[in-house]
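> test case, fold it:
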Amino acid sequence: MSNEFEKVKDNRNDFIDSAVAFVVATGFFLTVFLIFTVFGVIKDFQ
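Purely as a prediction, here's the structure:
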């Protein structure tokens, strides 16, 4: 394997890792927010 190929592969993996981490973090906060919203709506109905 040449160094150039390794560099390109590493950059691509870093970008993918960043995108995955961003999606996971956003999804996690969104899920927590939705759970609290649902509980708030349920409390309002009761």
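
> please make it C-alpha for all contacts and neighbour counts, starting now.
Fine.

> state the mean pLDDT of whatever helix or strand Phe22 lives in.
If you go by DSSP states H and E, Phe22 is part of helix 3-45. On average, the pLDDT along helix 3-45 is 86.

> figure out how far that helix is from the centre of its chain.
When C-alpha coordinates are averaged (Cα atoms, centre = their mean, to the nearest Å), helix 3-45 and its chain have centres 1 Å apart.

> who does that helix touch, helix- and strand-wise?
For helix 3-45, the packing partners by 3 or more Cα pairs under 8 Å, 6 or more residues apart in numbering; DSSP states H and E come out as none at all, with no helix or strand in contact.

> can you get me a residue count around Gly27?
When neighbours are defined as other Cα atoms under 10 Å, Gly27 has 12 of them.

> same check on the one 10 residues further on?
Residues lying near Thr37 (other Cα under 10 Å) number 12.

> now Gly40
Around Gly40 there are 11 residues (other Cα under 10 Å).
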